[in-house]
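In: A structural model of the following input is requested.
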Amino acid sequence: MPIPEYKPPKEIQDLLDQRQTQQQGNQQRRRTAVLPKRSWIQRNPRLFQITALTTSLLIFFSKPIYDIFIADPLPLPPAGETRVPPHKR
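Out: Model (predicted):
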């Protein structure tokens, strides 16, 4: 003996049909725009500024780097003297 298929009352069936049409409408929504990938600098501007400033100041106030690239070269010592006095270093 087959079991009869369940059929909800008309009011409930209308509500179910209405929800189903709404869900189908939602599935047909347009996709959001795909934006280009942002660089690390654009994503972290404050961290970039802090890093750049710190690196710049460390390079600017670094005595070995200053001596190599910016300072005037030391005069060559006389033939007999090979040691450079500390105040001229």
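In: got the contact list for the top helix by length along the chain?
Out: For the chain, the helix with the greatest residue count under DSSP state H is helix 10-27. Helix 10-27 has contacts (CB atoms under 8 Å, 6 or more residues apart in numbering) with K7, P8. (C-beta placed from N, C-alpha, C; glycine too.)
In: chain center to whichever helix or strand comes after that helix, what's the gap?
Out: Scanning forward in sequence from helix 10-27 by DSSP states H and E, the next helix or strand is helix 40-43. Its chain's C-alpha centre and that of helix 40-43 lie 4 Å apart, by CA atoms, centre = their mean, to the nearest Å.
In: if I look at the residue nearest the centre of the chain, how far off is F48?
Out: By CA atoms, centre = their mean, the chain has its centre lying nearest to W40, at 3.2 Å. Counting by CB to CB, to the nearest Å, the gap from W40 to F48 is 7 Å.
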